[in-house]
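Engineer: Could you work out the structure for the sequence below:
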Amino acid sequence: MSAMDDQDYESVLLVIRECYVYKVPPMVSSRGHRAADWGNVDAPLWRGRLRVIAQGKKCFIRLEDGQTGELFAVCPYEENKGCVESVTDSSRYFVLKIEDQGRHAFIGLGFLDRSHAFDFNVALQDHFKHIKAEEKAAELKKTGAQQPKLDFSLKEGQTLNLTIAGGSGAGSARRERPPRPAASEDGALPPLLPPPPPPGKRQS
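Structural biologist: Residues are numbered from 1 along each chain as shown. You can find the predicted model right below:
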């Protein structure tokens, strides 16, 4: 194990308390594996607990004894490498490629509930989606750091002119006075209108 592996902590992505392991016969069709070819699925080769573990960018499927935690088999999962294959005749069964001291073999994996099979698929997919999102964010950060920063500060002697919409100069804010009434020919202003009569009294 490398120094980088030593620094990567393990994260449990999924725990399914009961799963089943079957012996997988040689595939008889190029269309894929069928759970019906495994014999009696009610009599599994082994039953126990499944855990999906993430360690850094790596992902492992561990089959363990539900009581003691003793390891039965481990499947190092790599995306698009044929480590986990769905069977063609059921959504609850899979074929795992397990490894042991450099050797590998194929075993059948089954779940009692379809929701467990769904959660198993989602846990594997989400792990690699998270890895890809982290790699993309790191690449964007690296690209942004390499771009020169723009300087918007005013240099010595530079001025900043602002134009306010609807304005017409310094006097645009003054309130316009209403026009004065026109004077008569002798220069006198026209008489003002009388005030309205008090209530109850008619104007003569």
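
Engineer: All the helices of the chain, residue numbers only.
Structural biologist: 3-7, 114-146 (DSSP state H).

Engineer: Can you say which of the ones you listed is nearest to residue 14?
Structural biologist: Ranking these by their distance to residue 14 (criterion: C-beta to C-beta) puts helix 114-146 first, at 4.0 Å. Placement of C-beta: from N, CA and C, glycine included.

Engineer: Flag every buried residue along that closest one.
Structural biologist: Residues 116, 117, 119, 120, 123, 124, 127, 128, 131 are the ones in helix 114-146 that count as buried (16 or more other C-beta atoms under 10 Å).

Engineer: Retrieve the pLDDT associated with the fifth one.
Structural biologist: Spelled out, that is residue 123. Predicted confidence (pLDDT) for residue 123: 95.

Engineer: which residue packs closest to it, ignoring adjacent ones?
Structural biologist: The shortest distance from residue 123 to any non-neighbouring residue, by C-beta to C-beta, 6 or more residues apart in numbering, is to residue 14 (4.0 Å).

Engineer: And the one you found, how far from residue 131?
Structural biologist: To residue 131, residue 14 is 16 Å away according to C-beta to C-beta, to the nearest Å.

Engineer: quick revisit: my guess is the residue nearest to residue 123 contacts residue 51, does it?
Structural biologist: Yes: at 6.9 Å, residue 14 counts as touching residue 51 under the criterion of C-beta atoms under 8 Å.

Engineer: any weak-confidence spans in the protein?
Structural biologist: For the chain, the stretches with pLDDT under 70 are 1-7, 144-151, 165-204.

Engineer: Tell me what the residue nearest to residue 123 is bridged to.
Structural biologist: residue 52 (DSSP bridges).

Engineer: Next: the one 5 residues further on.
Structural biologist: The residues listed as beta-bridge partners of residue 19 by DSSP bridges are residue 48.

Engineer: mind checking how far residue 20 is from residue 137?
Structural biologist: On the measure of C-beta to C-beta, residue 20 and residue 137 end up 39 Å apart.

Engineer: One more: residue 35?
Structural biologist: Per C-beta to C-beta, residue 35 is found 40 Å from residue 137.

Engineer: Next: residue 104.
Structural biologist: Taking C-beta to C-beta, one finds residue 104 at 34 Å from residue 137.

Engineer: and if you look at residue 11?
Structural biologist: From residue 11 across to residue 137, the span is 18 Å (C-beta to C-beta).

Engineer: burial count for residue 164?
Structural biologist: Residues lying near residue 164 (other C-beta atoms under 10 Å) number 8.
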